[in-house]
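Chemist: model this:
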Amino acid sequence: MSTPSKESSRGPHAGLPQPTGLARDTAFGLFLVVLGAVAWIASGILVLERLALYKDANHTTSCDFNPWVSCGTVMKSGQAALLGFPNPFLGIVGFGVVITIGMALLAGAKFKRWYWLGFQGGVTLAFIFIVWLWSQALYEINALCLYCMVVWAMMIPLFIHTTSRNIVTGVIPAGAGLRKFAAEWAWVITVLLLVLTAASVFVRFPQAFIGAGN
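Modeler: Coordinates of the predicted model:
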């Protein structure tokens with residue numbers, strides 16, 4: 001009887017190219033820790049500001065700069081507590097998980113495919129939620145929240161590069177062409193989405209940046 005080859009014993013990802021860049025566990029772990037920490041801090045500040053507003057409805061938040069950039073205005077909207085409690089509490093929990101996974105990767109942890117699929121699902125749902133919040137801020141609430149925008153800026157690369165990594169490593173089944181595209185174009189797509197998001201904010205609220213009446 002023949003013995004299994006080294007290639008076949010490596011599991012479902014056998015035959016895939018060696019991961020490079022952010023597809024590598026260590027690099028991706030550091031990436032998750034940095035992005036997760038920035039978004040977690042922003043979410044934490046929003047929680048503190050929301051608690052201050054509960055205590056004093058006239059509290060002026062640290063990012064109430066003008067009528068268009070006002071965390072207080074956004075926090076008092078119905079969209080800011082979609083599930084009945086302030087949205088930043090979701091960020092505290094969710095980005096805490098992101099940081100934990102990143103630290104585990106830096107420590108050498110290896111996760112099963114089902115775990116990465118679960119992480120992909122969570123990041124995807126969070127990204128969809130962020131897109132919805134972006135649309136609500138620009139076209140319904142008509143005000144911006146500085147710390148919310150920091151979270152938006154972190155979610156874009158988190159979603160793009162998590163998806164890219166999962167395609168490159170075979171977690172998401174894909175042909176060689178798509179794997180190559182995901183590896184080579186992830187940063188381009190990330191920058192493009194960040195630029196488009198910033199442009200949409202500027203076009204919607206030009207007076208917040210150039211000053212009314214100037």
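Chemist: How about the residue minimising distance to the centre of the chain, nearest residue that isn't a chain neighbour?
Modeler: Residue closest to the average C-alpha location in the chain (CA atoms, centre = their mean): residue 155, at 1.7 Å. Nearest non-adjacent residue to residue 155, counting by CB to CB, 6 or more residues apart in numbering: residue 130, 4.6 Å away. From N, CA and C alone the C-beta is placed, and that goes for glycine too.
Chemist: Might one say that the one you found is in contact with residue 154?
Modeler: No - taking CB atoms under 8 Å as the definition, residue 130 is not a contact partner of residue 154, at 9.3 Å.
Chemist: Report the separation between the residue nearest to residue 152 when sequence neighbours are not counted and residue 136.
Modeler: Distances taken as CB to CB, 6+ apart put residue 130 closest to residue 152, at 5.6 Å, once the chain neighbours are dropped. Separation of residue 130 from residue 136 (CB to CB, to the nearest Å): 11 Å.
Chemist: Which of the two has more residues huddled nearby?
Modeler: residue 130 (22 against 17; other CB atoms under 10 Å).
Chemist: And the helix or strand encompassing residue 199, what does it pack against?
Modeler: Assigned by DSSP states H and E, residue 199 belongs to helix 176-204. Under the contact definition 3 or more CB pairs under 8 Å, 6 or more residues apart in numbering; DSSP states H and E, helix 176-204 sits against helix 146-168.
Chemist: residues of the helix it packs on that come out buried?
Modeler: Residues of helix 146-168 classed as buried by neighbour count (16 or more other CB atoms under 10 Å): 146-168.
Chemist: Please state the offset of that helix from the chain centre?
Modeler: 4 Å (CA atoms, centre = their mean, to the nearest Å).
Chemist: Now residue 162. Nearest residue, chain neighbours left out?
Modeler: Residue 162 sits nearest to residue 123 (CB to CB, 6+ apart), 4.8 Å away.
Chemist: Kindly report the same for residue 154.
Modeler: Closest to residue 154 by CB to CB, 6+ apart is residue 39, at 4.0 Å.
Chemist: Buried residues, the host helix or strand of the one you found. List them.
Modeler: Taking DSSP H and E as the criterion, residue 39 maps to helix 25-55. Residues 25, 27-33, 35-37, 39-40, 42-47, 49-50, 53 are the ones in helix 25-55 that count as buried (16+ other CB under 10 Å).
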